[in-house]
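**Student:** got a predicted model here, sequence first, then my questions.
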Amino acid sequence: MPKSSAAPESSAEYTISALEAGLQVLALVGQFPELKIPQLATRAGMTRSKVYRILQTLARLGYVWFDDEHAVRLGSASLILGQQAREQYSLNQAARPILDRLADETGENIHLVVREGQHSLVVDVRTSPHPVRMFARIGRVGPLHAGGSSKVLLAYAPRDVLDAILSRPLERFTAGTITDAAALEQALRHIREDGTHVAISDLEEDTFSIAAPIFDDQGQAVASVSIAGPLMRLDPNNQERYLGLIREASRELSERLGFSAGLQLAEWSATTP
């Protein structure tokens, strides 16, 4: 299988030395929060002026700050980035055996998807062994209002995200794409009531996607998981079986992330069309 374009092989030809130096200094700040510029320069093997310029850039972006004693500490941007990395790493690690199992049980594509702002992002994939299958790639960005996993993420997104999506024209991808805001909101309400979604040819023609949300220990929908493939392989029996499998995968992976049935889901107030 060819390598994903989202993760190219490392090569010195494509590295940026200034960025490499900046990340080296940032890593040192994380390891040694009490150090000041001279000590950081010594450990980094760089001049003080270079480290100073790097730190000023990082401080402007919020990745570091200087305390009253002029020691350098990690800033809020580093905190957010670290939290995002922790969540994505723990999610992928927890999901791996579940995605493998779903792939074995169905023979179809399995997608693990997260929401990035107002778009969906594929973070893990199991590709169907069938010669006729859906296109799948880690790093693929998609709309939130179409597709199985994407629409599930929109159903559980914060109200401001939903309002932003509903306030602008909804792009049509196929004849099955919902482009009416009121109809979309009604569909999202149904997803929240049922806990799953069956998408039929609303993002790509002649395809299906059966998806469910993944919740964390705060009751937030941090991802969705889906079984997807050509519509010609989805008969009523398979649909019911896949719904059962995706519900079980959703429950198991959510539990691995700390969710329990007693937790309150993040609030989402749908208006009446």
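**Tutor:** Yep, it's here.
**Student:** can you pull out the helices in the stretch 151-273 of the chain?
**Tutor:** If you assign secondary structure with DSSP state H, counting those that start in this stretch, the helices in the stretch 151-273 of the chain sit at 159-166, 181-194, 236-256.
**Student:** out of those, flag the one nearest Thr207.
**Tutor:** Smallest distance to Thr207 across these (Cβ to Cβ): 13.4 Å, for helix 236-256. C-betas here are computed from N, CA, C, even on glycine.
**Student:** turn the helices of the stretch 151-273 of the chain into TSV, columns for mean neighbour count.
**Tutor:** What follows is those, written out as TSV (neighbours: other Cβ atoms under 10 Å):
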stretch	mean neighbour count
helix 159-166	16
helix 181-194	16
helix 236-256	17
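**Student:** nearest to Phe135 among those helices would be which one?
**Tutor:** Phe135 lies closest to helix 236-256 among those, at 19.3 Å (Cβ to Cβ).
**Student:** picking up where we left off before, in a markdown table, list the helices of the stretch 151-273 of the chain along with distance to Val51.
**Tutor:** Listed next are these as a markdown table, based on distance: least, Cβ to Cβ, whole Å:
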| stretch | distance to Val51 |
| --- | --- |
| helix 159-166 | 39 |
| helix 181-194 | 50 |
| helix 236-256 | 41 |
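**Student:** Asp124 belongs to a helix?
**Tutor:** No. Counting by DSSP: H, G, I helix; E, B strand; the rest coil, Asp124 is not part of a helix but strand.
**Student:** who wins for proximity to Val152 among the helices of the stretch 151-273 of the chain?
**Tutor:** Closest of the helices of the stretch 151-273 of the chain to Val152 is helix 181-194, at 5.9 Å (criterion: Cβ to Cβ).
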